[in-house]
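Student: no sequence for this one, just the structure:
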């Protein structure tokens, strides 16, 4: 059962190359004088060095003006900058700073000769286009959304939403904000209960007999502190108890009995910033949890439990962002260990943001619905390769791209049969759309018309929030799935002041798109 549905705020301001530092003791202690420049070209050097950490980025992925911003950050990780100490002193927490030092994130000695590094810089800046091309041709986004009726909530929550999720067990909606407030909302989206946590809640799950599991992120902004926790609230208790603590900025969680011992384990994406990991926490007979590391990487964004090889043992499918962006499966070896297989790999500037498993082509096996559009790093420009992609499963859990719809800043999807016609539709949001585009494509509903074709639609009020989260459920309890949108305010160009006034309006954090399929006509 998927536990958390959180989107791109937790990706925001993430660096493009967090893993690009040498782990070799020889290179760590080298100096510029002890290194010898090569005769390789900048392109050859990039191919030799960059692919050790992530897929080689093509210079055409960014423009001439933007590459220097990215390469300046890359220089910190290659020992080619004199700003390492400045970068370290930005971290006020001593233990956080010490962990970054021990991980050699910002090496104080060069990992390659400075002349070679300058060749790489020259290669990217000279080969990059003056500007990126426009989006590829696609079906026009229609400005009407006949299946849904948009309704703003009346003071439910401010525009700092970190969680919005419909709870089918309690038949209510959970909403969390950046101040650590967690609200329970009825079907009219009015507050009926609240809980104050010590940090923002990014996930909630209802259990039997009033049980409530909560994931708190710790510090919301990019950091490597171990301040997150997975907590449990027993019915009748006012304060939850931390069951798993010292988590590194956790952003997503799910539960499953991975080792088939009859006890429910927890899988957690500890996104972190420079540091992080994908972990599973084995439930012990004593009631505690023992941590196991699936992948020691920053940027773990999603974890979906599925028996992908039909051997009756649960495997883990994960979306990894940050430097080495990829979709990977961790196959269960039945002894508490897992074997990683990378299914898909993306360039380091793609901004991978969300992943779903869904049988889009209805052939009996799950396909991948993938979004990329995180755009709050050092390359904040409109990217024509941002959007929604569908990768079809060949039946052996190998995937091929079969659909792409360009969508600037694509952040998250929710895939359901909203119109109940037997196929799966997709609702998508973008935190970083082109605000000059008409209509603004911060929300797009893709009605499935068969044969991997979709009719994209939006609605006039889509600009009333800066959508960070999308969720679905029968909120009004009339027999069809509605859509919940959660807004997180970020300022943009002052020329969009009117939009920012909408986003800052008190109580404007959530919008409900009521599915009218089963709804009686309004008088």
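Tutor: Looks like it arrived, so ask away. This one's a predicted model, so the numbers in the text were calculated from it and none came from an experiment.

Student: Surely residue 66 is in contact with residue 381?
Tutor: Yes. The criterion here is CB atoms under 8 Å, and residue 66 meets it with residue 381 at 5.5 Å. For glycine as for every other residue, the C-beta is placed from the backbone atoms N, C-alpha and C.

Student: Compare neighbour counts for the two and give me the winner.
Tutor: Legend: neighbour count by other CB atoms under 10 Å for residue 66 and residue 381, higher for residue 66 (21 against 13).

Student: From residue 89, how far out is the residue nearest to residue 105 when sequence neighbours are not counted?
Tutor: Leaving aside its sequence neighbours, residue 105 sits nearest to residue 274 (CB to CB, 6 or more residues apart in numbering; 4.7 Å). From residue 274 across to residue 89, the span is 15 Å (CB to CB, to the nearest Å).

Student: neighbour count winner among the two?
Tutor: Neighbours per residue, other CB under 10 Å: of residue 274 and residue 89, the larger number sits with residue 274, 25 against 9.

Student: Quick check: that one touching residue 104?
Tutor: No. Counting by CB under 8 Å, residue 104 is not a contact partner of residue 274; they are 10.4 Å apart.

Student: on that earlier part again, which SSE is the residue nearest to residue 105 in?
Tutor: Assessed by DSSP states H and E, residue 274 sits outside every helix and strand.

Student: Offset the numbering so it begins at 42, please.
Tutor: New numbering, starting at 42: the last item is residue 315.

Student: Which pLDDT value goes with it?
Tutor: Looking at residue 315, its pLDDT is 94.

Student: Average pLDDT for the lengthiest helix in the chain, rounded please.
Tutor: When the chain is parsed with DSSP state H, its longest helix is helix 155-168. Regarding helix 155-168, the rounded mean pLDDT is 97.

Student: elements contacting the helix or strand just after it?
Tutor: Later in the chain than helix 155-168, the nearest helix or strand by DSSP H and E is strand 189-193. Identification of packing neighbours for strand 189-193 by 3 or more CB pairs under 8 Å, 6 or more residues apart in numbering; DSSP states H and E yields strand 551-556.

Student: could you redo the last one with a cut-off of 10 Å?
Tutor: Contact here means 3 or more CB pairs under 10 Å, 6 or more residues apart in numbering; DSSP states H and E; on that basis strand 189-193 packs against strand 484-491, strand 523-528, strand 551-556.

Student: Give the pairing partners of the second one; include direction for each.
Tutor: Paired neighbours of strand 523-528 in the sheet (DSSP bridges): strand 508-514 (antiparallel), strand 551-556 (antiparallel).

Student: Also the first one?
Tutor: Note on strand 484-491: by DSSP bridges, its sheet partners are strand 466-471 (antiparallel), strand 494-498 (antiparallel).

Student: Single out the most deeply packed of these.
Tutor: Greatest average neighbour count among the strands paired with strand 484-491 goes to strand 466-471 (a mean of 27), per mean count of other CB atoms under 10 Å.

Student: So the residue nearest to residue 132 when sequence neighbours are not counted, which state does it fall into?
Tutor: Excluding the flanking residues, the one nearest residue 132 by CB to CB, 6+ apart is residue 138, at 4.2 Å. Going by DSSP: H, G, I helix; E, B strand; the rest coil, the secondary structure assigned to residue 138 is helix.

Student: contacting residues for residue 138?
Tutor: Taking CB atoms under 10 Å, 6 or more residues apart in numbering as the criterion, residue 138 is in contact with 129-132, 265.

Student: swap in residue 197?
Tutor: Residue 197 neighbours (CB under 10 Å, 6+ apart): 205, 214, 216, 224, 226, 229-232, 548-553.

Student: Out of these, which end up buried?
Tutor: For the contacts of residue 197, a burial check counting by 16 or more other CB atoms under 10 Å picks out 205, 214, 216, 224, 226, 230, 549-553.

Student: want to throw those residues into CSV with distance to residue 243 and pLDDT?
Tutor: As requested, these are arranged in CSV below (distance: CB to CB, whole Å; pLDDT from 0 to 100):
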residue, distance to residue 243, pLDDT
205, 11, 97
214, 15, 96
216, 12, 96
224, 14, 95
226, 17, 95
230, 20, 93
549, 20, 91
550, 15, 95
551, 16, 96
552, 20, 96
553, 21, 97
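
Student: out of those residues, who's nearest residue 390?
Tutor: residue 205 (28.6 Å; CB to CB).

Student: neighbours around the nearest residue to residue 390 once chain neighbours are set aside, how many?
Tutor: Closest residue to residue 390 apart from its sequence neighbours, by CB to CB, 6+ apart: residue 102 at 5.1 Å. When neighbours are counted by other CB under 10 Å, residue 102 registers 21.

Student: Thought residue 427 was touching residue 102, still the case?
Tutor: No. Using CB atoms under 10 Å, residue 102 is not in contact with residue 427; the gap is 11.1 Å.

Student: overlap in contacts of the two?
Tutor: Overlap of the contact sets of residue 102 and residue 427 (by CB under 10 Å, 6+ apart) consists of residue 391.

Student: returning to what we had before: any idea of the pLDDT on the residue nearest to residue 132?
Tutor: Reading off the model, residue 138 has pLDDT 95.

Student: how about the spatially most central residue of the chain, what does it touch?
Tutor: The residue lying closest to the centre of the chain (CA atoms, centre = their mean) is residue 394, at 3.6 Å. Taking CB under 10 Å, 6+ apart, we find residue 394 in contact with 48-49, 51-52, 342-343, 360, 362, 366, 411-416, 427, 450-454, 470-473.

Student: how much space between it and residue 293?
Tutor: Distance, residue 394 to residue 293, using CB to CB: 12 Å.

Student: do the same with residue 282
Tutor: With distances taken as CB to CB, residue 282 is found 21 Å from residue 293.

Student: Then residue 413?
Tutor: Separation of residue 413 from residue 293 (CB to CB): 16 Å.

Student: for residue 179, same thing?
Tutor: Taking CB to CB, one finds residue 179 at 29 Å from residue 293.

Student: Compare the two (neighbour count), which wins?
Tutor: Using other CB under 10 Å as the criterion, residue 179 and residue 293 rank with residue 293 on top: 28 against 12.

Student: so what secondary structure elements neighbour the helix or strand that one falls within?
Tutor: Using DSSP H and E, residue 293 sits within strand 291-297. Applying 3+ CB pairs under 10 Å, 6+ apart, one finds that strand 291-297 contacts strand 242-247, strand 253-257, strand 269-274, strand 282-288, strand 306-311, strand 318-324, strand 341-347, strand 356-361.

Student: If I look at the residue nearest to the centre of the chain, what pLDDT would I see?
Tutor: For residue 394, the pLDDT comes out at 97.

Student: sorry, back to before: as JSON lines, the strands paired with strand 484-491 with distance to residue 297 and mean pLDDT would be great.
Tutor: Shown next, in JSON lines, are those (distance: least, CB to CB, whole Å; pLDDT from 0 to 100):
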{"stretch": "strand 466-471", "distance to residue 297": "25", "mean pLDDT": "98"}
{"stretch": "strand 494-498", "distance to residue 297": "31", "mean pLDDT": "98"}
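
Student: Fine by me, thanks again.
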